[in-house]
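[1] after the sequence you'll find the predicted model.
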Amino acid sequence: MELKRKIYDRLLAWKEQRQGKTALLIEGARRIGKSHIAERFGRNEYKSYLLVDFSRITRQVLAVFEEDIMDLDVFFLKLSVAYGVQLHRRESLVIFDEVQMYPPARQLIKHLVADGRYDYIETGSLITLKKNVEDIVIPSEEERVSMHPLDFEEFLWAVGDTVTMPYIQTCYGKRMPLGQAVHRKVMTAFRTYMIVGGMPQVVLAYLADKDFGEADQVKRQILTLYRADITKFASRYESRVNAIFDGIPSQLSRHEKKFRIASLEKKLRFRDYEDAFMWLSDARIVNLCFNASDPDVALSLSLDQNTLKCYMADPGLLVGMALSSGMATSHDLYRALLLDRLHVNEGMFMENMVAQMLKSTGHDLYFYTAYDKVAAANRMEIDFLIVQGRHICPIEVKSGGRLTHISLDKFSAKFGRKLGEKFILSDRDLKVKDGITCLPLYMAGLL
């Protein structure tokens, strides 16, 4: 089964607009579907395509890259013979898969694009790690696009639903509720998405039998792969990367979801773990959310790197990690999530979902916190901040109970002139009340 992905339209636009003037680098986490989408694009949109997989390159092909790049006629002839693919001028695509495994191929892109006879797509994970770029010149002819897990709309497409999201978008645009019957149906689908997540292999496993068992096994395999990557590629700070990675569920289960470095090693601060956090972020395994200490439309200018939250980039993998840490049995947790009867901190899953949805639509992640040891009235925390036009939009995520907005009210009183629309995301249907737009969680990707 082929999963429909939005990034395919991005590839089509690149092909039509650039006409071979740039190469396209698809970057993202391992097992996100980069290689598959590049190969499908080559198969569908070109007369032929040639894929060089640098994770399992032969000595014969490696010799072509080392010895023949000065004569591109010979270079392409030898690649054609090695892979048994006929290349056609301006009608063929060459794919450099897992290009981080052989950085000189990435540097070669400059000359291949200048030659102009074919189109080029690169795919890569861990693409920004220093060891993968330190000995090469990054080509200015390279465009980069990020690939994320399937979002909620793509998940709906996968289960055969193409009508629900257009209705959700209409309701969002008009700020009108869906109606309780439809809302309940969509929330069930949304909770299913939270459990399964958006990793393509996991989604396909779920679709094969509409059961979570096989999907859970694939999630565990991916988590094992990520831990192996940490051991292999984070050699200088492996123990600290592992400590952060394994600590994500427990950190997010706390009421205040800020990552407490002291819980890993006493007397150490963020700067001691900074490289480890950045490694996980560069690997696209996590989404980091930083405190904006003085919120303005240029949120990055007040970024406090010592205070951050660390979310899993895929919601389904967080569920898998929570299970493996013994928080509940898989059957009980899946059933509780679907029925909204989870007896552990459901907020961790909801907030992680919103982080993933905001990130996949292009938002950098920021939050706001103010802590006063003396005056409790001055304490507040806003889960997320986004910029719309010239205004900041604060977002609170609620996992149940009353839709109280004490922190939003304090935040509005302090930064009122800077603020645009204020949002609460919860499992309730849409309504606007007291100057706050209360949206169902599944609308987070529309913000």
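    Arrived safely.

[2] quick one, strands of the stretch 251-400 of the chain?
    286-292, 303-312, 366-370, 380-388, 391-397 (DSSP state E, counting those that start in this stretch).

[3] so where's the stretch 201-350 of the chain shaky on pLDDT?
    323-345 (pLDDT under 70).

[4] what about 80?
    The stretch 201-350 of the chain contains residues with pLDDT under 80 at 211, 235, 255-256, 261-271, 296-298, 300-306, 323-346.

[5] and for the stretch 51-200 of the chain?
    For the stretch 51-200 of the chain, the stretches with pLDDT under 80 are 126-139.

[6] could you pull up phi and psi at residue 211?
    Reported as degrees, to the nearest 10, the phi and psi values for residue 211 are phi -130, psi 150.

[7] burial measure for it, as a count.
    Residues lying near residue 211 (other CB atoms under 10 Å) number 11. C-beta here means a position set from N, CA and C on the backbone, and glycine is covered the same way.

[8] just to check, residue 434 is in contact with residue 405?
    Yes: in this structure, residue 434 is within contact of residue 405 by CB atoms under 8 Å, at 7.5 Å.

[9] neighbour-wise, which of the two wins?
    Of the pair residue 434 and residue 405, residue 405 is the one with more neighbours under other CB under 10 Å, namely 20 against 10.

[10] residues contacting the more buried one?
    Residues counted as contacts of residue 405 (CB atoms under 8 Å, 6 or more residues apart in numbering) are 396, 422, 424, 434, 436.

[11] and for residue 320?
    The contact partners of residue 320, taken as CB under 8 Å, 6+ apart, are 216, 219, 220, 223.

[12] ok, now how distant is the closest residue to it other than its chain neighbours from residue 201?
    Distances taken as CB to CB, 6 or more residues apart in numbering put residue 219 closest to residue 320, at 3.7 Å, once the chain neighbours are dropped. According to CB to CB, to the nearest Å, residue 219 and residue 201 sit 9 Å apart.

[13] the two - which one has more neighbours?
    Neighbours per residue (other CB under 10 Å) separate residue 219 from residue 201, with residue 219 holding more: 27 against 17.

[14] so that one makes contact with residue 203?
    No: contact between residue 219 and residue 203 fails when scored by CB under 8 Å: they sit 10.7 Å apart.

[15] can you list residues touching both of those two?
    By CB under 8 Å, 6+ apart, the residues touching both residue 219 and residue 203 are residue 197.

[16] for whichever strand or helix holds residue 248, packing partners?
    In the assignment (DSSP states H and E), residue 248 maps to helix 238-252. Applying 3 or more CB pairs under 8 Å, 6 or more residues apart in numbering; DSSP states H and E, we find helix 238-252 packed against helix 212-233, helix 270-282, strand 303-312, helix 315-324, helix 347-360.

[17] for it, what is the distance to the chain centroid?
    Relative to its chain's centre, helix 238-252 lies at 18 Å (CA atoms, centre = their mean, to the nearest Å).

[18] same check on stretch 277-285?
    With CA atoms, centre = their mean, you get 11 Å for stretch 277-285.

[19] OK, contacts around residue 76?
    Here residue 76 is in contact with 87, 117, 118 (criterion: CB under 8 Å, 6+ apart).

[20] C-terminal to the helix or strand hosting residue 168, what's the next element?
    Assessed by DSSP H and E, residue 168 sits inside helix 164-174. Downstream of helix 164-174, the next assigned helix or strand under DSSP H and E is helix 180-196.

[21] show me where the stretch 1-150 of the chain has helices.
    Along the stretch 1-150 of the chain, counting by DSSP state H, counting those that start in this stretch, helices occupy 7-18, 34-45, 59-67, 72-83, 103-115.

[22] between those, which gets nearest to residue 411?
    For residue 411, the closest of these is helix 7-18, at 35.0 Å, according to CB to CB.

[23] other SSEs contacting that closest one?
    strand 23-27, helix 34-45, strand 142-146.

[24] highest mean neighbour count out of these?
    Among the helices and strands packed on helix 7-18, ranked by average contacts under mean count of other CB atoms under 10 Å, first place goes to strand 23-27 (a mean of 24).

[25] ok, residues contacting it?
    The contact list for strand 23-27 (CB under 8 Å, 6+ apart) reads 7, 11, 14, 18, 34, 37-38, 99, 106, 109, 112-113, 119-125, 127-128, 139, 141-147, 284.

[26] could you list the paired strands of it along with their orientation?
    Using DSSP bridges, the strands paired with strand 23-27 are strand 119-124 (parallel), strand 142-146 (parallel).

[27] which of the contacts of residue 320 count as buried?
    Buried members of the contacts of residue 320, counted by 16 or more other CB atoms under 10 Å: 216, 219, 223.

[28] can you put the residues you listed in JSON lines and add distance to residue 229?
    Formatted as JSON lines, the buried ones among the contacts of residue 320 follow (distance: CB to CB, whole Å):
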{"residue": "216", "distance to residue 229": "21"}
{"residue": "219", "distance to residue 229": "16"}
{"residue": "223", "distance to residue 229": "11"}
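
[29] mean confidence score for stretch 13-21?
    The average pLDDT within stretch 13-21 is 96.

[30] how far does that stretch sit from its chain's centre?
    On CA atoms, centre = their mean, the centre of stretch 13-21 falls 25 Å from the chain's centre.

[31] same check, this time on stretch 148-166
    Chain-centre distance of stretch 148-166: 16 Å, with CA atoms, centre = their mean.

[32] ok, residues contacting that stretch?
    Against stretch 148-166 from outside (CB under 8 Å, 6+ apart): 3-6, 28-29, 32, 186, 189-190, 193, 196-200, 203, 207, 313-316, 356-357, 359-361, 442, 445.

[33] redo that, cut-off 7 Å
    Applying CB atoms under 7 Å, 6 or more residues apart in numbering, the contact partners of stretch 148-166 are 3-6, 28, 32, 186, 189-190, 193, 197-200, 203, 207, 313-314, 356-357, 359-360, 442, 445.
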